[in-house]
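Visitor: Structure for the following, please:
(4 chains)
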Number of protein chains: 2
Amino acid sequence: MKWDDVGQLNCSVARTLAVIGDRWTMLIIRNAFIGTRRFADFQEQLGLTKHLLSDRLKRLVDVGIFKKVPYQQGRYEYRFTDMGRALYPVLLSMTAWGDAWLDEGKGAPLLYIHKDCGKKMIPTMVCSECGDAVTARDVMIQPGPGLYSDANTTQHSS
Amino acid sequence: MKWDDVGQLNCSVARTLAVIGDRWTMLIIRNAFIGTRRFADFQEQLGLTKHLLSDRLKRLVDVGIFKKVPYQQGRYEYRFTDMGRALYPVLLSMTAWGDAWLDEGKGAPLLYIHKDCGKKMIPTMVCSECGDAVTARDVMIQPGPGLYSDANTTQHSS
DNA sequence: TGCTAAGGTTCTAAAAAGGAACCATTTAAG
DNA sequence: CTTAAATGGTTCCTTTTTAGAACCTTAGCA
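Guide: Numbers count the residues shown, from 1 in each chain, chains lettered A, B, ... in the order given. Here you go, the predicted model:
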């Protein structure tokens, strides 16, 4: 299977990965959450080639994660749409995993303070209904409305 | 910057992406959470080439996400370590985002039932301390212990 | 003994990433 | 008014990765 076909699978993980699952995209998004908005800043901070950055930003705009906002004659910057901002939990979950498992014993490079309660936070995934923390064993999968709604039945057998 | 250098950055997102941030790895992990354990099954379900699958599994074992468990003479299967199982929130957050933003109006392909409370769950990221849902605006970043602990100071200026 | 299945490796072609150089606007400086 | 420099790219070429197919090795079994 070619990579481009992955986005056609009827699976939310596959479709998400088709959008953000390449080498640089999540790093671009990370920096956008930190406040980066302009082409040159992304390029300097990430050190990727202009060619790639240009391509990735274009794709992120196409998908609807960023929008181009003019800030001068003929200049514009890249800002999150709601769709883009909604990726924050993905970023947080990666951060939390990296902090926990890849810190080489040195502790997390950054700490996350929850403004509302003022404490150091560990991002935690919970059930929206009962608020309990969720692990793989706590979850059961069931077919949903989007599963058989088209001809594409090439998804995993769960 | 070459991709291989990204893993050296003193940033948990970058280090996480260096491990799971390529095209196929998270899909392999997704299937592992569904129960897939054997080479041939991964290959059939994902449709990626044996070459790549072999390489990715090897890397996942090296990193410590999978361990090889023998199940016959000279045969073994790939199972999560604790480190690997800890990736579940990353998978859930991607799923939730895809369900919310990429369903093309058809609804989620799969529903997630939280066994403990029996309800359809939307995975939600909360603060470990106060339990409130977290968005990008609620979080403040602070230098942590791992930030200046080595010569590598090439991280983002937050 | 020969067949099949699992779990690969090797080979080649196609696609993507990396690096450097170049270009078109716009603003700023002399 | 002319030149310089910054922004936001594009083009061209080389090096890496992927994709796809074919081949190999070991174990179990008829």
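Visitor: so what's residue A:36 up against?
Guide: A:42, A:45 (CB atoms under 8 Å, 6 or more residues apart in numbering or on different chains). For the C-beta atoms, the positions are set from N, CA and C on the backbone; glycine is no exception.
Visitor: Okay, the residue of chain A positioned farthest from its centre and residue B:125: tell me how far apart.
Guide: Of all residues in chain A, residue A:73 sits farthest from the chain's C-alpha centroid, using CA atoms, centre = their mean; the distance is 30.8 Å. Using CB to CB, to the nearest Å, residue A:73 is found at 40 Å from residue B:125.
Visitor: cool, residue A:127 as well?
Guide: Residue A:127 is 12 Å from residue B:125, by CB to CB.
Visitor: can I assume residue A:3 is in contact with residue B:46?
Guide: No: counting by CB atoms under 8 Å, no contact exists between residue A:3 and residue B:46, whose distance comes to 11.3 Å.
Visitor: Check which helix or strand the residue nearest to residue A:20 when sequence neighbours are not counted maps to.
Guide: Spatial nearest neighbour of residue A:20, chain neighbours left out: residue A:26 (5.5 Å); criterion: CB to CB, 6 or more residues apart in numbering or on different chains. In the assignment (DSSP states H and E), residue A:26 maps to helix A:25-34.
Visitor: Which SSE is immediately downstream of that helix?
Guide: Proceeding N to C from helix A:25-34, the next assigned helix or strand is helix A:39-46, under DSSP H and E.
Visitor: Buried residues in that following helix, which are they?
Guide: Neighbour-count burial for helix A:39-46, counted by 16 or more other CB atoms under 10 Å in any protein chain shown, picks out A:39, A:42-43, A:45-46.
Visitor: Out of those, which comes closest to DNA strand C?
Guide: DNA strand C lies nearest to residue A:46 out of the buried residues of helix A:39-46, by CB to the nearest atom of the strand, at 9.6 Å.
Visitor: what about the nearest residue to that closest one once chain neighbours are set aside, neighbour count?
Guide: Counting by CB to CB, 6+ apart, residue A:27 is the residue found nearest to residue A:46 once chain neighbours are left out, at 5.7 Å. Residue A:27 has 23 neighbouring residues, counting by other CB atoms under 10 Å in any protein chain shown.
Visitor: I figured residue A:131 hits residue B:132, correct?
Guide: No: with contacts counted by CB under 8 Å, residue A:131 stays clear of residue B:132, the gap being 10.2 Å.
Visitor: what residues do these two have in common as contacts?
Guide: residue B:126.
Visitor: From DNA strand D, how far out is the residue nearest to residue A:20?
Guide: 15 Å (CB to the nearest atom of the strand, to the nearest Å).
Visitor: Over to residue A:79?
Guide: Per CB to the nearest atom of the strand, residue A:79 is found 12 Å from DNA strand D.
Visitor: Is that residue part of a helix or strand, or is it coil?
Guide: Secondary structure, DSSP: H, G, I helix; E, B strand; the rest coil: residue A:79 is strand.
Visitor: a helix runs through residue A:99, doesn't it?
Guide: Yes: counting by three-state DSSP, one finds residue A:99 located in a helix.
Visitor: list the buried ones in the helix holding residue A:26?
Guide: Buried residues in helix A:25-34, counted by 16+ other CB under 10 Å: A:25-33.
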